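Chemist: Pasting a predicted model and its sequence here:
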Amino acid sequence: MASRVDLHLHTTASDGALRPNELVRAADSIGIRVIAVTDHDSVNGIAEAQEAALDLALEVIPGIEISASLDRDDIHVLGYLLDPNEPSLQTALRRLREDRLAQARAMVERLGALGHPLEWDRVMAIADGGSVGRPHIAKALVERGAVATVDEAFSQFLRRGGPGYVEGPTILPQEAVELIRGAHGLPSLAHPIIVGASDYHPDLERLLPILKEAGLEGIETYYKGYTPEITASLLAIVDQYRLIPTGGSDFHGGGVVADAELGGVEVPWESVERLRSRRQELDARRVTAN
């Protein structure tokens with residue numbers, strides 16, 4: 001049975017396979033009652049998802065997943081209950097998308113030099129108007145027959161340090177937190193542990209004090225592949241830093257990346273309640289301050 005809550009989902013606005021309205025219908029059909037649309041460096045799918053949910057018993061939380069980097073470690077920061085139309089956020093996201101586009105072009109060129117030429121127009125078509133990234137290049141490699149699967153494309157070519165990887169401009173994770181806070185959102189550190197990913201190991205002891213000072217509000221404590229022991233250890237950290245435990249499947253669909261099922265991670269209803277309560281508290285403070 002699917003969880004009633006899934007706070008980490010992607011659509012065609014970034015590297016997901018489903019349009020926002022399709023994602024909403026799919027979630028509703030299996031009994032999910034609250035979802036967050038958290039596309040990579042994009043809020044473009046939120047309005048369509050919210051409109052699709054108007055006549056359903058399902059709430060769409062406006063969200064995002066911002067990509068950042070610290071000491072060559074990829075760090076992702078989720079944002080919840082933000083204002084997607086906040087001008088400062090829109091300006092920053094436009095710059096991030098331009099940087100991602102340039103990075104993707106450079107990787108396609110490098111793959112061509114390695115003997116695996118790809119048509120840039122085809123990569124763009126796979127992205128279907130979303131924020132172009134490595135998963136779209138990976139899918140193009142599969143189509144061309146260079147690799148059998150998207151996972152193989154990453155392991156052979158597109159992983160950080162791989163022969164087809166090109167470093168791109170990035171922002172610090174504390175800057176991502178500040179961007180989300182500037183849009184009145186609640187930042188949560190995404191997947192602090194990725195099971196089976198030997199190259200993903202952020203130093204939480206160093207990272208969390210920095211992010212907490214910048215305004216971090218949560219940690220993704222419920223995630224695909226997490227054992228009860230991993231979740232328990234993260235809940236202890238959540239308590240230590242007085243944060244909100246969040247969670248979700250990181251569902252993309254369509255085999256774009258290694259996936260969990262939609263609603264496939266059990267997320268407590270309490271996570272939604274605490275996010276709502278914290279947002280109300282911060283809104284009240286802003287009203288009082290003004």
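Modeler: Here it is on my side, so go on. Residues are numbered from 1 along each chain as shown.
Chemist: drop to CA atoms for contacts and neighbour counts, all remaining ones
Modeler: Noted.
Chemist: How far away from the center of its chain is the strand or helix carrying E229?
Modeler: Element membership for E229 (DSSP states H and E) is helix 228-241. Chain-centre distance of helix 228-241: 21 Å, with CA atoms, centre = their mean, to the nearest Å.
Chemist: name the helices or strands packed onto that helix?
Modeler: Helix 228-241 sits against strand 218-223, strand 244-248, with contacts defined as 3 or more CA pairs under 8 Å, 6 or more residues apart in numbering; DSSP states H and E.
Chemist: quick one, strands of this protein?
Modeler: Applying DSSP state E to the chain gives strands spanning 5-9, 34-37, 59-70, 73-80, 186-189, 218-223, 244-248.
Chemist: could you dump the helices and strands packed on helix 228-241 to JSON lines with distance to R274?
Modeler: Compiled in JSON lines, those are given as follows (distance: least, CA to CA, whole Å):
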{"stretch": "strand 218-223", "distance to R274": "10"}
{"stretch": "strand 244-248", "distance to R274": "7"}
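Chemist: how about these in TSV, adding mean neighbour count and distance to P20?
Modeler: Below are the helices and strands packed on helix 228-241 laid out as TSV (neighbours: other CA atoms under 10 Å; distance: least, CA to CA, whole Å):
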stretch	mean neighbour count	distance to P20
strand 218-223	27	21
strand 244-248	27	17
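Chemist: G63: which of those strands is closest?
Modeler: strand 244-248 (12.4 Å; CA to CA).
Chemist: Would you map out the domains in this structure?
Modeler: Domain assignment for the chain, taken from the TED database, gives 5-84+173-288, 95-158.
Chemist: Adding distance to V166 and mean pLDDT as columns, could you present the ones you listed in TSV?
Modeler: Output for the domains of the chain, formatted as TSV (distance: least, CA to CA, whole Å; pLDDT from 0 to 100):
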stretch	distance to V166	mean pLDDT
domain 5-84+173-288	12	93
domain 95-158	6	93
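Chemist: Turn the ones you listed into JSON lines, columns for distance to Y165.
Modeler: Output for the domains of the chain, formatted as JSON lines (distance: least, CA to CA, whole Å):
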{"stretch": "domain 5-84+173-288", "distance to Y165": "13"}
{"stretch": "domain 95-158", "distance to Y165": "5"}
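Chemist: between those domains, which gets nearest to G164?
Modeler: Of these, nearest to G164 by CA to CA is domain 95-158, at 4.7 Å.
Chemist: can you tell me the distance between the two ends of that closest one?
Modeler: Between the start and the finish of domain 95-158 there is a gap of 22 Å, counting by CA to CA, to the nearest Å.
Chemist: For this protein, just list every one of the helices.
Modeler: With helices called from DSSP state H, the chain shows them at 20-29, 46-52, 87-113, 120-127, 134-144, 150-153, 173-182, 204-214, 228-241, 269-289.
Chemist: Would you tell me which of the ones you listed gets closest to D250?
Modeler: From the helices of the chain, taking CA to CA, the stretch that ends up closest is helix 20-29, at 12.5 Å.
Chemist: in the closest one, what's buried?
Modeler: Judged by neighbour count using 16 or more other CA atoms under 10 Å, the buried positions of helix 20-29 are 20-25, 27-28.
Chemist: With stretch 161-174 instead?
Modeler: Applying 16+ other CA under 10 Å to stretch 161-174 flags 164-166, 172-174 as buried.
Chemist: now for those residues, which pair is the farthest apart?
Modeler: Spanning the widest gap among these are G164 and Q174, at 28.2 Å by CA to CA.
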